[in-house]
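Participant: Below are the sequence and a predicted model; questions follow.
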Amino acid sequence: MAPPTSSQIKPGRTLLVLLAIILAMGATIALQKAFVPKFGLDLAGGTTVTLSPVTLDGKPPPSESIDQAVNIIRARVNGNGIADAQVARANDNIVIQIPGVGQREALGLVSTTAELRMRQVLAYGPSTNQPVQMPTAAATPSGSGAPSATPSGGSTPTPNASGTPAGRALSSALAAPSPSAPADAKGGAKGDGKAKGDAGAKAEATPTPPVPTPGATEDPLAGQDTSGIDPALLTQFRDIDCTAKNKGQGVQDDPNKQIVACSDDGSARYILDKAAVQGTEVSGAQAGTDPTTGEWIVNITFKSKGASQFADITRRITTLTPPRNQLANVLDGVVIVAPTIEEAIPGGSARISGNFTQVSSTALADQLKYGALPLKFKQSQVVSVSSTLGQDQLRGGLISGGIGLLVVVLYLLLYYRGLGLIGVASLGVATAVTYSTVVLLSHNAGFRLSLPHIIGLVVSIGITADSFIVYFERIRDEIKEGHRTLRSAVEVAWRRARRTILVADAVMFIAAIVLFALAVGDVAGFAFAMGLTTLIDIVVVFLFTKPLMSLVARMRFFAKGHKLSGLDAERMGRTSPAEQTLQEA
Amino acid sequence: MPGVISRLYRGDINIDFVGKRRIWYGLSAFLLIFSIVGLIIHGLNLGVEFKGGSVFDFARTPGSSVEQVRDSVEGAGPHQVIVQQAGDKNWRVTTESLDGAEVTKVQQAVAKQFGVPEDQVSSQVIGATWGGEVSQKAWIGLVVFMGLIMLYLSIAFEWRMALAAVVALVHDLVITAGIYAWSGFEVTPATMLGFLTILGYSLYDAVVVFDMIKEVTGKIGTSAKMTYTQAANNALSHTLIRSLNTSLVAILPVAAILFIGTTLLGAGTLKDLSLALFVGMLVGTYSSLCVATPILVTLKEREPQWQALARRVAARQVSAAKAAAATAGGSRTGKEPVAAGSQNGAAGSQNGTVPGGKQRKKR
């Protein structure tokens, strides 16, 4: 019951700590000149599409497939030039958020199924048509393209020596004992991701540089065998620009037709033959390391039908001249890898090697696995909110928040009088901290304030206020039960209220986390707001309400139980100690 | 201040929640059966989010009528058209699930007829399976949450408290659902959100009460002054003011949202959520006082330790009755309800007094 001496000095200091925190947040906000949080599309206006991926036979997809699907959808959305669209995974769903209105048309494309197909490369070219005769390019053929080394890739310098998806080799996984094949593959496949090397490689691939013609562009098909290719595709191939945003992501390619496609990084373009193997015939893909060289590779296995198709195509094209000995893997309309076929590969398992890192091999394996189990996207929910409706909702949320706060303030003042003031001040601090947090999060962590957040924050006023009520009731109990001074009552009550507040807040916090982790859509936003305010509540009670209470306990107004202090002994039914009894008599 | 309010303010009030638990059990059982019957007969009025469909919202131009809006929308293709007023200035049109092109058509038709810009016609298209997914997640969330809470409360308190709290929780959810079934309020994902939030509140309140019970009963084990039932009831009375205050303070902002959501916006997330919360919190306040603690006491009184105590108290009662008057003015040292409650009668049947108050007044 003796008030701890230490805590008599502390309150001021604790308040200073909180003040410092608030000032730091305020200063950050002022420095960033961002005083208002950014709003979600339900308040600012815009379209939100929720896609639920399922496998083609309607089963829930594996988690890594959904990640892959997010990448694919993101590529499609970017490719379609939908401005500022955000694609994110929300549990088992994919949520696309498009600010503004009028972009509904683009959404049809977004939800088609992405499929994987393996097609023989018929012709190859760099991403765009090169201006004819670039002396510098010809003079520096090396770049990082390493045209020097394609021992097994073919005796002629191949244009694909440095192209990203192209610079790979495919060999039988069972052929491991002979180190030569993989080693060859390695040699032939430098320059992963170094698409700039193309210029050099291309220039070199052209044996005799044509006469310079200003404004003219070099024919990407020069020197390549165009036999057996649909003439329309040749034109299309010459016209396509793979550096553009739209590389043809999401195009539903017909497996029975030849196509023109870009590589996924935009560094190369291809004419591809009819599909030789469907992605669904892939049974698995794994990133791994070569047991002898330690090099990162991707192992790929096929189902029975796929295995024989794969054996056929590899047997047929392995002897052809580049680039026709490459087998392009097309996922969702773009070429993700186009390895050179080193040998006929029977047996239904193969390996792709060539300058992989752990990251790039894993990424490729994931893409192939995705192709093995393509997903359908159900448009579960398409919500488009007009800017006026958004403003109405924002206004509604803010007004109800204002009213809610006001009513709680009035109630606290009416019921707790002077103590209520402390509660109101605490609510004020909690509001300030919450607002600053929301502003900071929205400008630094991509947080977007939406209606569920606002509701969560308003509803949480109750939780915050409850902590004060628990504490105040405890103080009143202690006084009723005969503490001589308010100072000691405040300290004793705190020790007990503290535990109650922490246990109760823990329950709230568990609820918030469970909802946030498991829920769909709006629920997650609501839960986030609830969790945030629970944390802020603890901060405010510990750093503000308690120290402030300790401070005011020294004030005569409270200590003597003034009629308006809320600690008025008579009204609480207390009849001791003596000095107060006398005072009130 | 008049009697009851003044006594409430002082915390000088004692309702025998625990002793009269049979009444509460009866009432709750009745409410539960009533709710379940309602759920069976009427079922829940599921919103378009659960059935799949399209919803359009746009500003109500002066002079436009429900018929005009319906004609306009039906002219654009949809068949099942429901037109409602949303708040004081919007129309809300619900149709079957439409695809992108059909949505655009409706937007164009409405925009043309009522002179609102096309991009100011809000739309929502919900797939038929979306609601199922939402509710499935909600159920999973519910189960996981209850599991975690059982675990947490078992560690922080004990399993009986955890069980009592979770039973009260289920009680709240069923009755809230029953109210929805009988009243025909529409159930949307926002309503589910409200239901889930009720869990937090219901438990929050129970936890505060249990914390007090734990504190009080932790001290009566060795004495023979009061039974577990009496101690729990004292603890409950002790936190009664807090419970009521908390509930009121929690319900006030929710009522504000409900008011604004209904009058200003008419429909949507604000209204659905706050209605569920409003109903749920009322039920939750009742259950934390009249269900959670009585169940806990029922569970606890079966323990040999507390049964033995109850016998000792009963035995002591006989002799104490004679000396009651003499001892009434006794020890004032205790500040716990335990001490105060020691003056009061036998198991559960009589009112315990809030600490200090009565005792001191007797002086």
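Facilitator: On my side now, so go ahead.

Participant: and residue 68, what element?
Facilitator: No chain specified, so I'll use chain A. helix A:63-79 (DSSP states H and E).

Participant: wait, I meant chain B there
Facilitator: Going by DSSP H and E, residue B:68 is in helix B:66-75.

Participant: same question, residue A:119
Facilitator: strand A:116-126.

Participant: by contact count, what packs against that strand?
Facilitator: helix A:197-205, helix A:231-239, strand A:268-278, helix A:304-317, strand A:327-331, helix A:358-372 (3 or more CB pairs under 8 Å, 6 or more residues apart in numbering or on different chains; DSSP states H and E). Bear in mind the C-beta positions are built from the backbone N, C-alpha and C, glycine included.

Participant: Out of the ones you listed, which gets nearest to chain B?
Facilitator: helix A:358-372 (21.6 Å; CB to the nearest CB).

Participant: which outside residues touch that closest one?
Facilitator: Residues outside helix A:358-372 that contact it (CB atoms under 8 Å, 6 or more residues apart in numbering or on different chains) are A:64-65, A:67-69, A:72, A:114-117, A:192-193, A:279-280, A:282-288, A:296-300, A:329, A:331, A:336-337, A:352, A:356.

Participant: Against chain B, how distant is the residue nearest in space to the middle of chain A?
Facilitator: By CA atoms, centre = their mean, the mean C-alpha position of chain A lies nearest to residue A:88, the distance being 5.1 Å. Counting by CB to the nearest CB, to the nearest Å, the gap from residue A:88 to chain B is 17 Å.

Participant: hang on, isn't that residue packed against residue A:71?
Facilitator: No - Residue A:88 lies out of contact with residue A:71 (CB atoms under 8 Å); the separation is 11.5 Å.

Participant: The strand holding residue A:119 relative to helix A:358-372, how many degrees between them?
Facilitator: Using axes from the mean of the first three to the mean of the last three CA atoms, to 10 degrees, the direction of strand A:116-126 lies 130 degrees away from that of helix A:358-372.

Participant: Give me the number of neighbouring residues for the closest residue to residue B:285 other than its chain neighbours.
Facilitator: Once flanking residues are discounted, residue B:285 sits nearest to residue B:247: 4.1 Å by CB to CB, 6 or more residues apart in numbering or on different chains. Residues lying near residue B:247 (other CB atoms under 10 Å in any protein chain shown) number 21.

Participant: Test my guess that residue B:247 contacts residue B:280.
Facilitator: No - when contacts are counted by CB under 8 Å, residue B:247 is not listed as touching residue B:280 (11.2 Å).

Participant: how about the helices in the stretch 51-200 of chain B?
Facilitator: In the stretch 51-200 of chain B, the helices defined using DSSP state H, counting those that start in this stretch lie at B:66-75, B:100-114, B:130-156, B:159-183, B:189-217.

Participant: pLDDT below threshold where in chain B?
Facilitator: Scanning chain B with the threshold set as pLDDT under 70 gives B:1-15, B:220-225, B:265-267, B:317, B:319-363.

Participant: Check which residues of the helix ranked longest in it are buried.
Facilitator: For chain B, the longest helix by residue count, based on DSSP state H, is helix B:228-260. The neighbour-count check on helix B:228-260 (16 or more other CB atoms under 10 Å in any protein chain shown) flags B:228-243, B:245-260 as buried.

Participant: Could you check how many residues crowd around residue A:19?
Facilitator: Applying other CB under 10 Å, we find 13 residues neighbouring residue A:19.

Participant: swap in the one 4 residues further on?
Facilitator: Residue A:23: 10 surrounding residues under other CB under 10 Å.

Participant: what's the pLDDT at residue A:169?
Facilitator: Model confidence at residue A:169, given as pLDDT, is 72.

Participant: Near it, how many residues? Count them for me, please.
Facilitator: 28.

Participant: Wait, it touches residue A:343, no?
Facilitator: No - with contact defined as CB under 8 Å, residue A:169 and residue A:343 do not form a contacting pair (9.6 Å).

Participant: about what we covered before: among the helices and strands packed on strand A:116-126, which is the most enclosed?
Facilitator: Ranked by mean neighbour count under mean count of other CB atoms under 10 Å in any protein chain shown, the helices and strands packed on strand A:116-126 are led by strand A:327-331, which reaches a mean of 27.

Participant: Tell me the strands beside that strand, with direction?
Facilitator: Strand A:327-331 has these partner strands in its sheet, going by DSSP bridges: strand A:116-126 (antiparallel), strand A:334-337 (antiparallel).

Participant: okay, these in TSV with mean neighbour count next?
Facilitator: Below are the strands paired with strand A:327-331 laid out as TSV (neighbours: other CB atoms under 10 Å in any protein chain shown):
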stretch	mean neighbour count
strand A:116-126	26
strand A:334-337	26
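
Participant: which SSE is the nearest residue to residue B:211 once chain neighbours are set aside in?
Facilitator: Leaving aside its chain neighbours, residue B:211 sits nearest to residue A:500 (4.6 Å; criterion: CB to CB, 6+ apart). In this structure, residue A:500 sits in helix A:486-518 according to DSSP H and E.

Participant: now do residue A:428
Facilitator: Per DSSP H and E: helix A:387-444 holds residue A:428.

Participant: do you know how far residue B:71 is from residue B:113?
Facilitator: 9 Å (CB to CB, to the nearest Å).

Participant: same question, residue A:290
Facilitator: For residue A:290, the distance to residue B:113 - CB to CB - is 69 Å.

Participant: Spatially central residue for chain B, please.
Facilitator: Short answer for chain B (CA atoms, centre = their mean): residue B:284, at 2.7 Å.

Participant: is it true that that one lies in a strand?
Facilitator: No - secondary structure of residue B:284, determined by DSSP: H, G, I helix; E, B strand; the rest coil: helix, with no strand assignment.

Participant: my guess is it contacts residue B:197, does it?
Facilitator: No - Residue B:284 is beyond contact range of residue B:197, at 10.2 Å (criterion: CB under 8 Å).

Participant: hang on, the earlier thing: show me the contacts for the residue nearest to residue B:285.
Facilitator: Per CB under 8 Å, 6+ apart, neighbours of residue B:247: B:205, B:281, B:284-285.

Participant: By neighbours, which of those residues wins?
Facilitator: residue B:284 (32 neighbours).

Participant: Skip the chain neighbours and tell me the closest residue to that one.
Facilitator: residue B:202 is the one closest to residue B:284 (CB to CB, 6+ apart), at 4.0 Å.

Participant: Counting neighbours, what do you get for the one you found?
Facilitator: Neighbours of residue B:202 (other CB under 10 Å): 29.

Participant: Then the one 4 residues further on?
Facilitator: When neighbours are counted by other CB under 10 Å, residue B:206 registers 30.

Participant: go on, the one 3 residues further on?
Facilitator: By other CB under 10 Å, 26 other residues sit near residue B:209.

Participant: if I pick the residue nearest to it when sequence neighbours are not counted, what's in contact with it?
Facilitator: Distance criterion CB to CB, 6+ apart; nearest residue to residue B:209, sequence neighbours excluded, is residue B:239 at 5.3 Å. Residue B:239 sits next to A:473, B:208-209, B:212 when contact means CB under 8 Å, 6+ apart.

Participant: re the thing from before, could you provide the helices and strands packed on strand A:116-126 in CSV, with additional columns for mean pLDDT?
Facilitator: What follows is those, written out as CSV (pLDDT from 0 to 100):
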stretch, mean pLDDT
helix A:197-205, 34
helix A:231-239, 79
strand A:268-278, 85
helix A:304-317, 86
strand A:327-331, 85
helix A:358-372, 83
